[in-house]
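Asks: Please work out how this folds:
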Amino acid sequence: MSCEVGPLGVYDMVNENAIPQGATWPVALTYTVADSGVYDFSLYTGKLQIRRTYDTPILLELSTENGGLTLAGAAPNVILNFTPANTSPMTTYTGMIYDLELYGPSGDTIKFIRGKFALEREITQ
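Replies: Presented below is the predicted three-dimensional model:
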């Protein structure tokens, strides 16, 4: 699955875009800048958090630190790495929200993408 986004894109991972629970499922995103091409995130870090609502506990976090988020200088320059290890334990399947922040080497923060989130529930375990 892949999509192209700009600053604070909205991408709902629900319905036909729901993440299959218990599967290796990379979501490849490409951030482009008008007239400049693909943005280089190779020196950035970041994290994505999934929650039921804004003020509830984190249900899943993907980050550059835990291997759930890969950042690069070429397209796709952001990859969300959903895996059996991070989705199989989840017991909430619908009605979630997420956002992704990227942190630059000079201290800047990019609000990259946000949206609704759902898991396509695992049957075979």
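Asks: List the residues that contact the residue nearest to Tyr103 when sequence neighbours are not counted.
Replies: Closest residue in space to Tyr103, ignoring its immediate chain neighbours: Thr45 at 5.0 Å, by CB to CB, 6 or more residues apart in numbering. Every residue, glycine included, has its C-beta placed from N, CA and C. Listed by CB atoms under 8 Å, 6 or more residues apart in numbering, the contact partners of Thr45 are Ser63, Thr64, Glu65, Leu71, Leu102, Tyr103.
Asks: same thing with Ala23?
Replies: Taking CB under 8 Å, 6+ apart, one finds Phe82, Pro84, Thr87, Glu122 in contact with Ala23.
Asks: Tell me, how many residues neighbour the first one?
Replies: Okay, so that is Phe82. 22 (other CB atoms under 10 Å).
Asks: Was I right to think it contacts Pro26?
Replies: Yes - using CB atoms under 8 Å, Phe82 makes contact with Pro26 at a distance of 7.1 Å.
Asks: returning to what we had before: which member of the contacts of Thr45 is positioned nearest Thr91?
Replies: Ser63 (21.3 Å; CB to CB).
Asks: Which residues does that closest one form beta bridges with?
Replies: Lys47 (DSSP bridges).
Asks: ok, it to Asn15 distance?
Replies: Going from Ser63 to Asn15 by CB to CB, to the nearest Å gives 26 Å.
Asks: More neighbours: which of those two?
Replies: Shown here are Ser63 and Asn15; by other CB under 10 Å, Ser63 has more neighbours (15 against 10).
Asks: contacting residues around that one?
Replies: Counted by CB under 8 Å, 6+ apart, Ser63 has contacts Thr45, Gly46, Lys47, Leu48, Leu69.
Asks: now with 10 Å?
Replies: Thr45, Gly46, Lys47, Leu48, Gln49, Leu69, Leu100, Glu101 (CB atoms under 10 Å, 6 or more residues apart in numbering).
Asks: repeat for Gln21
Replies: 82, 84, 86-90, 93, 118-123, 125.
Asks: 7 Å instead?
Replies: For Gln21, the contacting residues are Thr87, Ser88, Met90, Leu119, Glu120, Arg121, Glu122, by CB atoms under 7 Å, 6 or more residues apart in numbering.
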